[in-house]
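Undergrad: sequence unavailable; structure follows:
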């Protein structure tokens, strides 16, 4: 049974309505590009992007193939908000690599927002939300935990996180510095998973399926965090890109949504927004597809962008 296939349906369920044929990224001649505003030098474009399998390659975590799209955003003076299940410490490091640390980021699947110059990015594991979440997990019946149930990052040594993710040991350690949410693996059967999710729901904990892990939190989503960032920065146009079920609400909330092809994950069926061309799909996977979409969607902005800068 497939994972969630549209932003309107519950986590880990099949959407019975989303059965139409997906729309892939059309040719440059067919696509309606984003247009820049000539009236003001205010922020014209703000891009929200998932990381693993989207801006970052699923296997290598490289963003090199996205360079043309990143350079385009730099030419436009557009903002780039990274949105991921990754921790603040992980994302801050990546922001500096890419050159977008002067923009906010959405961390731990929307459970937190990392604003520029926020010193909390290096906080150790154990924030209030995280401690409460771990206490709820520790109170669950033994069959729901460990080898026959849910194994969270806090149950793992950094070496195991590195083995599961392909991260370096140093980056795996950063992945364990959580403040709001707990990613992990379910090792039991489908019936046990249903019971586990029901127990979490009674305790106020929500589960969302990403590209690799089942992530538990107290329910704030990427889309809700995105709304807070949009309210603060007031961009004229937004683009959101992602490849997994936990990205769908964010994708549908944007003016232009992009589902980035991920051959390593079950396909996401057609969203309501695809039926009226609000959301498109890339043919290329990962960062190459990300760049493909950004370049196409911004073709109409490149000659009119005011006050362009070199970094995204």
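TA: Thanks, I have it. Everything numeric here is computed off the predicted structure, so don't read it as measured data.

Undergrad: stretch 214-231: how far from the chain's middle?
TA: Centroid separation for stretch 214-231 versus its chain: 10 Å, with C-alpha atoms, centre = their mean, to the nearest Å.

Undergrad: end-to-end on that stretch?
TA: Taking C-alpha to C-alpha, to the nearest Å, the first and last residues of stretch 214-231 lie 29 Å apart.

Undergrad: and it, average pLDDT?
TA: What stretch 214-231 shows for mean pLDDT is 93.

Undergrad: again, but for stretch 62-72
TA: 97.

Undergrad: which outside residues touch it?
TA: 55-57, 80, 97-99, 286-288, 290-295, 298, 302, 312 (C-beta atoms under 8 Å, 6 or more residues apart in numbering). The C-beta positions use only the backbone N, C-alpha and C, and glycine is treated the same way.

Undergrad: show me what contacts residue 234?
TA: Contacts of residue 234 (C-beta under 8 Å, 6+ apart): 42, 43.

Undergrad: and the gap between the residue most central in space within the chain and residue 82?
TA: In the chain, the centroid-proximal residue (C-alpha atoms, centre = their mean) is residue 50; its distance is 3.1 Å. Applying C-beta to C-beta, to the nearest Å, the value for residue 50 to residue 82 is 8 Å.

Undergrad: now the residue nearest to the centre of the chain. Nearest residue, chain neighbours left out?
TA: Using C-beta to C-beta, 6 or more residues apart in numbering and skipping the chain neighbours, the partner closest in space to residue 50 is residue 242 (3.7 Å).

Undergrad: what's the local residue count around the one you found?
TA: 32 (other C-beta atoms under 10 Å).

Undergrad: with residue 188 instead?
TA: 18.

Undergrad: so it: helix, strand or coil?
TA: Of the three states, residue 188 takes coil under DSSP: H, G, I helix; E, B strand; the rest coil.

Undergrad: so what's residue 252 up against?
TA: Contact analysis of residue 252 by C-beta under 8 Å, 6+ apart lists 7, 223, 271, 272, 273, 278, 279.

Undergrad: could you do residue 48 as well?
TA: 81, 83, 106, 222, 226, 229, 238, 239, 240, 241, 250, 254.

Undergrad: if we ignore the residues flanking it in sequence, what's nearest the third one?
TA: What sits nearest to residue 106 in space, not counting adjacent residues and going by C-beta to C-beta, 6+ apart, is residue 83, at 3.8 Å.

Undergrad: what of the last one?
TA: Across the structure, with C-beta to C-beta, 6+ apart as the measure, the residue nearest residue 254 apart from its sequence neighbours is residue 240 (3.6 Å).

Undergrad: element containing the one you found, please.
TA: Residue 240 belongs to strand 237-242 when assigned by DSSP states H and E.

Undergrad: kindly state the beta-bridge partners for residue 216.
TA: residue 182, residue 207 (DSSP bridges).

Undergrad: how many other residues sit next to it?
TA: Count around residue 216 with other C-beta under 10 Å applied: 24.

Undergrad: quick one, domains of this protein?
TA: Under the assignment automatic domain parsing, the domains of the chain span 45-121+221-297, 127-206.

Undergrad: so which of the contacts of residue 48 is the most crowded?
TA: Result: residue 83 is most packed of the contacts of residue 48 (other C-beta under 10 Å), 32 neighbours.

Undergrad: could you measure from that one over to residue 240?
TA: To residue 240, residue 83 is 8 Å away according to C-beta to C-beta.
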